[in-house]
Each structure stands twice: as structure tokens, then as C-alpha cells.
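Asker: Quick one: sequence and predicted model below, then my questions.
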Amino acid sequence: MRIIQLPAREISRFGSSGVDMDFLPQVLDAERTTIHIARIVTGGRLGEHPAMALQIFAVLAGEGLVTSKGVEGAADERWEIEPGQAAIWEPGEIHETTATTDLLAAIIETSGGELAVREHELLFGPPLA
């Protein structure tokens with residue numbers, strides 16, 4: 001599991017005002033990408049399961065705890081996560097999310113094997129490519 005800080009910028013192009021946007025890493029060479037929005041109530045959880053594809057869990061509101069046991073199930077990683085941060089799980093990585101407050105997140109699953117992480121700061125995990 002990697003935890004990254006999402007770069008945020010004010011958007012003013014096209015006459016925009018009052019808009020701040022967090023930027024997710026770009027997925028390169030993906031044949032399939034799906035995006036889901038998860039609403040998890042305080043104390044709720046997305047139970048432990050292996051990632052079926054490269055998965056990005058970007059917190060939009062609220063706070064939670066993400067865990068990973070790795071692909072083999074031997075790791076024991078835990079990380080508190082908040083708005084503006086995203087967890088990245090590799091295919092097969094066994095993970096779980098628990099909401100410590102009501103939590104809103106975008107979940108991106110993709111067959112792409114590489115992320116373009118140019119402005120993203122690594123907070124936890126192996127080095128960014």
C-alpha cells in the first residue's frame with residue numbers, strides 16, 4: 001500500500017471561480033477503468049478483500065483507517081487517511097477500510113499497470129515510480 005498527498009490547485013481557467021481541485025494520478029495504458037463513489041458511515045467498513053485490479057481510494061470527505069496485509073497476507077500496515085489523500089493498492093493486495101467519521105471516497109479500479117505520479121507526495125509506502 002502507498003499513501004500519497006493529492007496535489008490541489010485553484011481552478012480559474014474558463015472563467016471558473018471558487019473551485020479547488022485535487023488531482024489523482026493519471027492511469028497510463030489502461031484497457032479498463034471504473035470509478036465508484038463510496039459513502040461509509042462512522043464505524044462502517046469495506047471488509048478485507050484482495051484488490052481485483054490496481055485500485056486508488058481517494059478520500060473526498062471524512063476520515064478513515066486503511067489497512068493492508070500485502071499480496072501474501074503477511075504484512076500489517078495501517079494508515080489514517082483524510083481528505084486530499086489516496087491509498088493505492090496493487091492487484092491482489094489484501095486490504096480493508098474503516099470509517100472513523102462519515103467518509104466519502106472515489107474508488108478507481110484500472111487494468112493500467114502504471115500511474116503517472118508527477119506532483120504527488122509519497123506519505124507512506126514504497127517509492128513512487
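Answerer: Yes, it's here. Numbering: from 1, shown residues only.
Asker: Pretty sure residue 53 sits against residue 89.
Answerer: No: using CB atoms under 8 Å, residue 53 makes no contact with residue 89, being 9.3 Å away. Using the backbone N, CA and C atoms, a C-beta is placed for each residue, glycine as well.
Asker: More neighbours: these two, which one.
Answerer: Each of residue 53 and residue 89 had its neighbours counted (other CB atoms under 10 Å), and the higher figure belongs to residue 89 (24 against 18).
Asker: Give me the buried positions along whichever strand or helix holds residue 56.
Answerer: Assigning secondary structure by DSSP states H and E places residue 56 in strand 54-61. Across strand 54-61, burial judged by 16 or more other CB atoms under 10 Å covers 54, 55, 56, 57, 58, 59.
Asker: same thing with stretch 5-17?
Answerer: Applying 16+ other CB under 10 Å to stretch 5-17 flags 6, 7 as buried.
Asker: If we ignore the residues flanking it in sequence, what's nearest the residue nearest the centre of the chain?
Answerer: Of all residues in the chain, the one closest to the mean position by CA atoms, centre = their mean is residue 57, 2.5 Å from it. Distance criterion CB to CB, 6 or more residues apart in numbering; nearest residue to residue 57, sequence neighbours excluded, is residue 87 at 4.4 Å.
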